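> here's my sequence, what's the structure:
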Amino acid sequence: MAKVTVDGIEVEVPNGASVLQAAELAGREIPRFCYHDRLSVAGNCRMCLVEVEKSPKPVASCAFPVADGMVVKTDSPMVRQARRGVMEFLLINHPLDCPICDQGGECDLQDQSMAYGMDHSRYREAKRAVRDKNLGPLVKTVMTRCIQCTRCVRFAAEIAGVPELGATARGENMEIGTYVERALSSELSGNLIDICPVGALTSKPYAFVARSWELKKTDAIDVFDAVGCNIRIDSRGPEVLRILPRLNEDVNEEWLADKSRFAVDGLKRRRLDRPWVRRGGKLEPASWDQAFDAIAARLHGLDGARIGAIVGDLCDAESMLALKELMAALGSANLDARQDGAQLDATRREFYLFNTTIAGIEEADAILIVGANPRREAPVLNARIRKRWLAAGVSVAAIGAPADLTYPVRWLGAGPDVLAALRAGSEGFAATLRAAKKPMVILGEGALRRADGAAILAAAWMLAAEIGALSADWHGFNVLHNAAARVGALDLGFLPGPGGKDVAAMLEGGVDLLWLLGADEIDGARIGAQTFVVYQGHHGDRGAARADVILPGAAYTEKNGTYVNTEGRVQRGEFAVFPPGEAREDWRILRAFSARVGHPLPYDDLDALRRRMAEVNAVFARIDDLPRRGAVDLSPPAGDPAALLSTPFAPAVVNYYQTDPISRASPTMASCTATFHQPLAQAAE
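Here you go, the predicted model:
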């Protein structure tokens with residue numbers, strides 16, 4: 001440790017730390033544009049100049065290492081004058097277009113020019129102009145504003161792993177852009193907007209929509225994948241206008257995937273805002289009483305064994321528990337949350353969790369990915385794997401269809417037979433896994449939704465045990481889910497009860513009344529013609545097309561909801577805007593209907609419902625508390641690890657940009673599909 005004095009304050013900092021980091025420990029603010037905590041040091045902007053004793057000139061604090069006994073001044077006359085000069089140079093070519101810039105009110109350049117700059121400019125020559133670049137349907141560019149901090153270049157190369165941005169020319173002619181004009185192909189490109197300190201990169205769908213001070217800000221949880229990214233919902237009046245990431249070091253750091261950020265415009269299109277009842281083969285508008293009466297009439301005299309319920313991928317835990325207990329009151333054990341038919345074993349929680357935890361990826365020294373494409377299924381989690389590879393050069397191997405995961409991957413094969421070879425030691429990567437101190441196995445939905453899913457689950461668990469991934473202080477077996485609701489549903493036991501039917505059996509005529517709670521990823525054509533379908537959800541998507549009664553629910557931005565991410569972390573999102581029209585929160589709809597059919601659920605408010613959730617499973621009482629754990633019981637999940645088929649794994653996500661009813665209703669996601677997915681599909685053909 002080195003002792004450094006910053007403005008008279010003595011602090012101890014690790015050897016190798018920068019002067020800027022020492023100043024932050026001392027509580028002194030240092031302005032910066034190019035420096036970012038999660039990116040490599042560039043030292044471009046020179047805004048962080050400080051005075052170091054015995055140094056003949058100001059030094060850039062972001063790139064200057066500390067030394068024992070160093071004395072630093074961050075606010076001397078020399079420093080103030082140097083910063084004013086730097087700011088004057090940065091503003092030489094910057095257009096004075098703050099009134100029409102979407103970064104206004106959130107702009108580092110704007111703030112720091114007020115705090116550290118001069119009150120006038122001495123520059124009288126003509127300003128240069130730079131042609132705007134086309135980076136695709138998500139990121140808008142006004143490159144004349146660019147100050148060449150290169151944050152975007154470093155983010156694309158280091159975090160996103162897609163080095164498509166760079167600088168061309170030198171001096172006053174230098175420009176940031178793609179070397180060959182093309183759209184950015186990263187699923188994390190929206191983060192460029194957040195890290196840009198000026199208005200050079202802004203949100204294209206959000207352009208000229210609102211000012212930051214007009215927005216109401218609400219904390220929430222992302223539901224577009226199972227990572228559970230912490231987000232902030234920015235709304236004005238009845239409309240959600242923007243989604244931004246919130247800082248959570250254990251989950252998403254400060255990043256957010258593009259679908260989670262930009263599919264927001266799907267929240268106001270194709271919405272269900274009133275009940276509908278099918279009469280004479282045609283859906284017609286109805287009142288709540290008429291919709292409830294139609295369902296109650298169909299339920300009258302119906303045996304509970306002929307009633308079933310399926311929940312979708314975006315559901316909150318509150319609504320799933322309410323539906324489960326309504327079905328129990330009606331005498332039904334036909335429940336399922338696995339729309340894709342994934343063969344999951346819910347007898348022990350560690351059989352279906354990402355047990356290493358997302359932050360724990362940074363400790364792994366060998367990773368095996370089975371039947372998953374983390375870049376498409378969980379881009380933020382994939383960035384963690386890349387971060388670990390950059391830091392330690394960790395060995396990564398995968399089984400499945402080859403893809404660019406943004407880091408070097410050794411592709412071992414396409415099917416589950418490779419698992420048997422790894423266990424037998426005949427596959428070379430087995431030696432790497434056994435030699436690792438903290439190996440990881442990541443099992444994806446593409447491996448579990450097959451007929452031999454249970455066998456693959458058991459084989460992957462046994463492989464993890466044999467390579468030393470299951471120990472008292474390390475749990476290296478991980479299931480990577482795609483659905484935000486999946487782990488919460490498994491924790492609540494939303495699975496077929498004794499004698500109950502699963503999704504496949506319910507769809508193929510196994511029930512006479514089927515309740516779909518946001519279940520839009522099933523094939524409606526498979527539902528029996530005589531089955532009465534109740535669809536409860538927020539978009540007129542696949543489930544609503546087959547429904548006999550539609551009950552309009554609330555989207556994730558329109559209710560207080562509890563979600564459990566793939567690692568088992570329980571998190572809560574808050575209500576931001578009201579649902580449209582006559583739509584209501586899902587658990588309230590179920591509570592009202594239960595009273596109509598004479599089986600009132602035992603809770604009338606959200607607090608009582610959440611107490612009931614904690615009674616069903618104690619994990620729901622521990623909000624955002626996820627202790628690290630090792631493996632205690634090594635007994636494998638149910639399934640015969642020898643009953644593996646030779647069929648290659650199929651990707652779980654075909655089109656990243658349209659995987660759910662919200663993103664399918666989004667014009668922005670449709671543009672992304674046309675820009676990124678369709679050319680790839682045509683190339684594959």
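
> could you give the average pLDDT over stretch 667-684?
Stretch 667-684 shows an average pLDDT of 78 in the prediction.

> tell me the SS of Thr562?
When the structure is split into helix, strand and coil by DSSP: H, G, I helix; E, B strand; the rest coil, Thr562 lands in strand.

> please tell me how far the closest residue to it other than its chain neighbours sits from Phe620.
Counting by CB to CB, 6 or more residues apart in numbering, Thr562 lies nearest to Ala317, which is 4.2 Å off, once chain neighbours are set aside. Quick note: C-beta positions are derived from backbone N, CA and C, even for glycine. For Ala317, the distance to Phe620 under the criterion CB to CB, to the nearest Å works out to 7 Å.

> all helices for the stretch 401-550 of the chain, in order.
With DSSP state H, counting those that start in this stretch as the criterion, the stretch 401-550 of the chain has helices at 417-424, 429-435, 445-448, 453-466, 486-491, 503-505, 542-545.

> quick check: phi and psi on Ala391?
For Ala391, the backbone dihedrals are phi -80, psi -40 (criterion: degrees, to the nearest 10).

> so it touches Ile361, yeah?
No: taking CB atoms under 8 Å as the definition, Ala391 is not a contact partner of Ile361, at 10.6 Å.

> so where's the chain shaky on pLDDT?
Under the criterion of pLDDT under 70, the regions of the chain flagged as low confidence span 678-685.

> who touches both of Ala317 and Phe620?
Overlap of the contact sets of Ala317 and Phe620 (by CB atoms under 8 Å, 6 or more residues apart in numbering) consists of Asp491, Thr562, Met613.

> in contact with Ala372, which residues?
By CB under 8 Å, 6+ apart, the neighbours of Ala372 are Ala398, Gly400, Ile442, Leu443, Gly444, Glu445, Gly446, Ala447, Leu480, Ala652.

> how many residues are close by the residue nearest to it when sequence neighbours are not counted?
Once its chain neighbours are removed from consideration, Ala372 has its nearest residue in Gly444; the separation is 2.3 Å (CB to CB, 6+ apart). The burial metric for Gly444, expressed as a neighbour count using other CB atoms under 10 Å, is 28.

> for Gly444, give me its contacts.
For Gly444, the contacting residues are Ile369, Val370, Gly371, Ala372, Asn373, Pro374, Glu377, Gly400, Val479, Leu480, Ala652, taking CB under 8 Å, 6+ apart as the criterion.

> again with Val19
The neighbours of Val19, taking CB under 8 Å, 6+ apart as the test, are Val4, Val50, Val52, Val59, Ser61, Cys62, Phe64, Pro65, Val66, Met70, Val72.

> let's go with 10 Å and repeat that
Under the criterion of CB atoms under 10 Å, 6 or more residues apart in numbering, the contact list for Val19 reads 4, 6, 13, 30, 48, 50, 52, 59-67, 70, 72, 74.

> got phi/psi on it?
The phi/psi pair for Val19 (degrees, to the nearest 10) reads phi -60, psi -40.

> Ile307 too?
The phi and psi torsions at Ile307 (degrees, to the nearest 10) take the values phi -120, psi 140.

> ok, for it, nearest residue in space, not its chain neighbours?
Ile307's closest residue in space is Ser332 (CB to CB, 6+ apart), at 4.1 Å.

> likewise Arg596?
Across the structure, with CB to CB, 6+ apart as the measure, the residue nearest Arg596 apart from its sequence neighbours is Phe292 (4.8 Å).

> so that neighbour makes contact with Ile589?
Yes: under the criterion of CB atoms under 10 Å, Phe292 lies in contact with Ile589, with a separation of 9.2 Å.

> higher neighbour count, those two?
Neighbours were counted for Phe292 and for Ile589 using other CB under 10 Å; Ile589 has more, 24 against 20.

> the helices in the stretch 101-250 of the chain, which residues?
Under the criterion DSSP H, counting those that start in this stretch, the stretch 101-250 of the chain contains helices at 108-116, 151-154, 191-195.

> do you know which of the ones you listed lies nearest Asp452?
With distances scored as CB to CB, the stretch of those nearest to Asp452 is helix 191-195 (38.1 Å).

> packing partners of that closest one?
Packing contacts for helix 191-195, counted by 3 or more CB pairs under 10 Å, 6 or more residues apart in numbering; DSSP states H and E, involve strand 139-141, helix 151-154, strand 201-203, strand 239-245, helix 258-262.

> I'd like these laid out as a markdown table, including distance to Val19.
Listed next are these as a markdown table, based on distance: least, CB to CB, whole Å:
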| stretch | distance to Val19 |
| --- | --- |
| strand 139-141 | 33 |
| helix 151-154 | 20 |
| strand 201-203 | 29 |
| strand 239-245 | 29 |
| helix 258-262 | 35 |
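
> tell me who's in contact with Gly266.
When the contact criterion is CB under 10 Å, 6+ apart, the partners of Gly266 are 259, 539, 555, 658, 660-670.

> among the contacts of Ala372, which one sits closest to Ser594?
Glu445 (32.3 Å).

> can you get me a residue count around the closest one?
What Glu445 shows, counting by other CB under 10 Å, is a neighbour count of 25.

> contacts only, for it.
Remark: with contacts taken as CB under 10 Å, 6+ apart, Glu445 is in contact with 226, 338, 340, 342, 344, 371-372, 377, 453, 479-483, 486, 651-653.

> and those, which of them are in strands?
Val479, Leu480 (DSSP state E).

> coming back round to it: who's more crowded, Ala317 and Phe620?
Residue environment comparison for Ala317 versus Phe620 gives the larger neighbour count to Ala317, 27 against 23, counting by other CB under 10 Å.

> verify the stated contact: that one with Asn560.
No: look at Ala317 against Asn560 with CB under 10 Å: they stay out of range, at 11.1 Å.

> give me the common contacts of these two.
Arg572, Trp587, Arg610.

> quick revisit: shared neighbours of Ala391 and Ile361, anything?
Counting by CB under 10 Å, 6+ apart, nothing touches both Ala391 and Ile361.

> between those two, who's got more neighbours?
Neighbours per residue, other CB under 10 Å: of Ala391 and Ile361, the larger number sits with Ile361, 23 against 9.

> the nearest residue to the more buried one once chain neighbours are set aside in helix, strand or coil?
Closest residue to Ile361 apart from its sequence neighbours, by CB to CB, 6+ apart: Arg384 at 4.5 Å. At Arg384, secondary structure determined by three-state DSSP is helix.

> how many neighbours does Arg384 have?
The local packing count at Arg384 equals 22, with neighbours defined by other CB under 10 Å.

> quick check: it vs Tyr407, distance?
Taking CB to CB as the measure, Arg384 and Tyr407 are separated by 11 Å.
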